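*Asks:* Need a 3D model of the sequence below.
(chains A and B, ligands or ions: 1)
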Amino acid sequence: MILLLSLFTIFNFHSQKAIVKNAWLRPAGKGMNSALYFDITNNSGKADTLFGVSSNTAKVIQIHESYMKNGMMGMREVKYVVVKPRSTFSFKEGGYHVMLILLKKTLKPGLKETFFLHIKHERDIKINAVVKKN
Amino acid sequence: MISKNYFSNSIIRKTVSILPLVLFITILWNGCAKKLPDGKNISNNNYVLLNQDSTKVNFPHDYNGKILVATFIYTNCPDICPMTTHNMQLVQQQIKSEGIKGVQFAAISFDPQRDTPSILKEYASIRDIDLSNFNFLSGTKKNIASLIHEFDFLAIPGDTTTSGKNRIYFFTHTDKIFLIDQNGIIRNEYRGSHVNRDKLISDIKSLED
Ligand SMILES: [Cu+2]
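*Replies:* Residues are numbered from 1 along each chain as shown, chains lettered A, B, ... in the order given. Reported below is the predicted structural model:
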């Protein structure tokens, strides 16, 4: 019991050096696409890499980047993003977003959904994102 | 000979000296009048489209006599088109709060095969958009293709990839909002996702009767 407790304590106190804030989602209907945005801060002394996101919210989830070319807007998949030491990387409108393709449910404003961020040097980060009005 | 030379020189000198004044007045005049230049007239052709309630809309003839703020979107766009749609909604709300009448809004889908009226309806209602003067329009593939061409708007389907059995597709597209006057003439255009809303609203006001 003591062993179990101490194991639990060690596990629980493993300090997470990456922190995620301001997570939000676009509203969208079932079967449509949405986007997840957030700020991820790396408080450690070495660069880290976000290389994937998983969730039950959508059938396909990819890290995307919106870009402008010849006055036109497009987007493309990126395999990972690097979060520099002691800095924040923002997934924000018109830039990087986590693309949620073929939603399994309708995302109505106010709803909260859970996501797991896969990071190279740390355990997965569990986040809750709220659906905004726009 | 000498006097003639002197005469022409003095004219040149006088002309040169008043040139800055003329220029200044011209700039001042244009600045005060704030008249938006005429762009393309898009009312030569008419397109029968369907709005979010499957009601027929003659575009642009049904908008004759109204100021129209128009854009092109596809509802599977997760990032850019929602920003443009939100900008349209914010302008619509501001116009309403200032009591400005006679302004209509239209978002036309350039992905008509997927964006049926019911999909467009859901897209609008999930965003709580006031549909009293805002239409989400769709049409036949052929109609939409020639309509967007008329606006010099480009929407290029990207490579359709698959993830398992799921088909994934996107468009690379122009990012614009158009301001069309009561006679169907484009008077200004703006970057849709990053429009200066105050500028658009002041342009709308300059077109009021
Ligand atoms: Cu995307």
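*Asks:* Tell me if the helix or strand B:F72 falls within is near chain A.
*Replies:* Per DSSP states H and E: B:F72 is located in strand B:67-73. No - Strand B:67-73 does not reach chain A (Cβ under 8 Å from any Cβ of the partner chain); its nearest approach is 11.3 Å. To be clear about C-beta, it is placed using only N, CA and C from the backbone, and glycine gets the same treatment.
*Asks:* partners of that strand, with directions?
*Replies:* According to DSSP bridges, strand B:67-73 forms sheet pairs with strand B:103-109 (parallel), strand B:176-180 (antiparallel).
*Asks:* In terms of pLDDT, where does the closest residue to A:E122 other than its chain neighbours sit?
*Replies:* Closest residue in space to A:E122, ignoring its immediate chain neighbours: A:A18 at 5.5 Å, by Cβ to Cβ, 6 or more residues apart in numbering or on different chains. We have a pLDDT of 91 for A:A18.
*Asks:* what's near enough to touch A:A18?
*Replies:* Shown in contact with A:A18 (Cβ atoms under 8 Å, 6 or more residues apart in numbering or on different chains): A:I40, A:T41, A:N42, A:N43, A:S44, A:D48, A:V83, A:L117, A:I119, A:E122, A:I125.
*Asks:* One more: B:F136?
*Replies:* So B:F136 contacts B:N51, B:Q52, B:A106, B:A107, B:S109, B:P117, B:L120, B:K121, B:Y123, B:A124 (Cβ under 8 Å, 6+ apart).
*Asks:* who's the most centrally placed residue in chain B bridged to?
*Replies:* Geometric centre of chain B, nearest residue: B:F178, 0.5 Å, by Cα atoms, centre = their mean. Taking DSSP bridges as the rule, B:F178 bridges to B:A70, B:E189.
*Asks:* who touches A:P27 in this structure?
*Replies:* Contacts of A:P27 by Cβ under 8 Å, 6+ apart are A:S34, A:L107, A:K108, A:P109, A:V131, A:K132, A:K133, A:N134, B:I126, B:R127.
*Asks:* circling back: among the contacts of B:F136, who's most crowded?
*Replies:* B:A107 (29 neighbours; other Cβ atoms under 10 Å in any protein chain shown).
*Asks:* where does that one sit relative to A:V82, distance-wise?
*Replies:* Taking Cβ to Cβ, to the nearest Å as the criterion, B:A107 is separated from A:V82 by 36 Å.
*Asks:* now swap in A:F38 and tell me
*Replies:* A:F38 is 16 Å from A:V82, by Cβ to Cβ.
*Asks:* quick one, which of the two is more surrounded?
*Replies:* A direct count of neighbours by other Cβ under 10 Å for A:F38 and A:V82 places A:F38 higher, at 23 against 13.
*Asks:* Skipping its backbone neighbours, what lies nearest that one in space?
*Replies:* Spatial nearest neighbour of A:F38, chain neighbours left out: A:A23 (4.0 Å); criterion: Cβ to Cβ, 6+ apart.
*Asks:* Which secondary structure element is home to that neighbour?
*Replies:* Assigned by DSSP H and E, A:A23 belongs to strand A:18-25.
*Asks:* ok, is whichever helix or strand comes after that strand in contact with the ion or not?
*Replies:* Note on strand A:18-25: by DSSP H and E, the next helix or strand toward the C-terminus is strand A:34-42. No - using Cβ under 5 Å from the ion, strand A:34-42 never reaches the ion; the gap is at least 6.3 Å.
*Asks:* Alpha carbons of strand A:34-42, as CSV, please.
*Replies:* C-alpha atoms of strand A:34-42 as CSV (Å, rounded to 0.1, in the frame of the first residue of the first chain):
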residue,chain,number,x,y,z
SER,A,34,-13.2,22.2,-37.3
ALA,A,35,-9.9,23.6,-35.9
LEU,A,36,-8.3,23.5,-32.4
TYR,A,37,-6.3,26.5,-31.2
PHE,A,38,-4.1,26.9,-28.1
ASP,A,39,-0.9,28.3,-26.7
ILE,A,40,1.7,25.8,-25.6
THR,A,41,4.5,27.0,-23.3
ASN,A,42,7.8,25.1,-22.9
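*Asks:* OK, contacts around B:H86?
*Replies:* A:N134, B:R127.
*Asks:* and the helix or strand hosting it, which residues are buried?
*Replies:* Using DSSP H and E, B:H86 falls within helix B:80-97. For helix B:80-97, burial by neighbour count (16 or more other Cβ atoms under 10 Å in any protein chain shown) applies to B:80-89, B:91-92, B:95.
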